[in-house]
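1. Kindly generate the corresponding structure for this input.
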Amino acid sequence: AAWGLAGALGRQSLARRSLAARASSSGAPPDWEIRMLYDGECPLCEREVNMLKDRDAGKGKIDFVDIASPNYAAEDNAGISYERAMGNIHGILPDGTVVTDIEVFRRLYEAVGLGWVYWVTRYEPVSRLANAVYGVWAKYRLQVTGRPDLAAILDSRGAPETCAQQSGKREPGERRAWEPRPRGVEDEMPRAR
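-> Alright, predicted model coming up:
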């Protein structure tokens, strides 16, 4: 697990340097406050994106990136593969920091002047509970929206960028989003107390 954490931190550091290098080569940091990686083939996700685009009203505070686009490239998005992005929502800050889950929604809504909607999720145990609820949604959103499971979607895309293929192997204990947890393994989401 420690190796997996070290690898993840190394990938994040590399992604930060990559975003920083692009910003310095253009002479200025990005104008956006957060880059939202979203699934453009998810009808409910698309509705939220459209609402956020309307609220952003061309101000460019949010950089919307459709992970379902054939032009999506992990290397341009903090190294976040299509497979990983399909597991849960990801946001990328201008300095390359990757945020996930409810933190992404909180930052998106703050960027468009609706920060009050997620304001309460800044505090425990509300944050833990909101992330747990979101975790259930993320796990079942493909089924709820009438789409095939992630394995079928990856197969239909040719899945050239799966995590296992990128690294050549899996980290100890790593599993795909659609694979069940081994018996006796605790949920990855913290539980509300």
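2. Tell me the pLDDT of Pro30.
-> On pLDDT, Pro30 comes in at 86.
3. burial count for it?
-> The number of residues packed near Pro30 is 17, by other CB atoms under 10 Å. In this view, the C-beta of every residue, glycine as well, is placed from N, C-alpha and C.
4. Please apply the same query to Asp54.
-> Asp54 has 10 neighbours, counted by other CB under 10 Å.
5. Regarding it, what is its secondary structure?
-> Put simply, Asp54 is helix when judged by DSSP: H, G, I helix; E, B strand; the rest coil.
6. Please name the residues that touch it.
-> Residues near Asp54 by CB atoms under 8 Å, 6 or more residues apart in numbering: none.
7. Looking at it now. What's its pLDDT?
-> As predicted, Asp54 sits at a pLDDT of 96.
8. any weak-confidence spans in this structure?
-> Low-confidence segments of the chain (pLDDT under 70): 1-27, 159-193.
9. Spell out the residue ranges of the strands in it.
-> For the chain, the strands defined by DSSP state E cover 34-38, 62-66, 90-92, 98-100.
10. mind putting those strands in JSON lines, distance to Pro125 and mean neighbour count included?
-> Converted to JSON lines, these look like this (distance: least, CB to CB, whole Å; neighbours: other CB atoms under 10 Å):
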{"stretch": "strand 34-38", "distance to Pro125": "25", "mean neighbour count": "23"}
{"stretch": "strand 62-66", "distance to Pro125": "28", "mean neighbour count": "19"}
{"stretch": "strand 90-92", "distance to Pro125": "23", "mean neighbour count": "25"}
{"stretch": "strand 98-100", "distance to Pro125": "19", "mean neighbour count": "19"}
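11. closest to Ser127 out of the ones you listed?
-> Among those, the nearest to Ser127 by CB to CB is strand 98-100 (12.5 Å).
12. Against which helices or strands is the closest one packed?
-> With contacts taken as 3 or more CB pairs under 8 Å, 6 or more residues apart in numbering; DSSP states H and E, strand 98-100 sits against strand 90-92.
13. Quick one: list the elements packing against the strand it packs on.
-> Applying 3+ CB pairs under 8 Å, 6+ apart, we find strand 90-92 packed against strand 34-38, strand 98-100, helix 102-111.
14. For Ala152, find the nearest of those.
-> Ala152 lies closest, by CB to CB, to one member of the helices and strands packed on strand 90-92: strand 34-38, at 20.0 Å.
15. Strand partners (parallel or antiparallel) of the closest one?
-> When pairing is defined by DSSP bridges, strand 34-38 lines up against strand 62-66 (parallel), strand 90-92 (antiparallel).
16. Make CSV from these and add distance to Asp56 to it.
-> Listed next are these as CSV, based on distance: least, CB to CB, whole Å:
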stretch, distance to Asp56
strand 62-66, 5
strand 90-92, 14
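17. quick one, which of these is nearest to Glu110?
-> Per CB to CB, nearest to Glu110 of those: strand 62-66, 10.4 Å.
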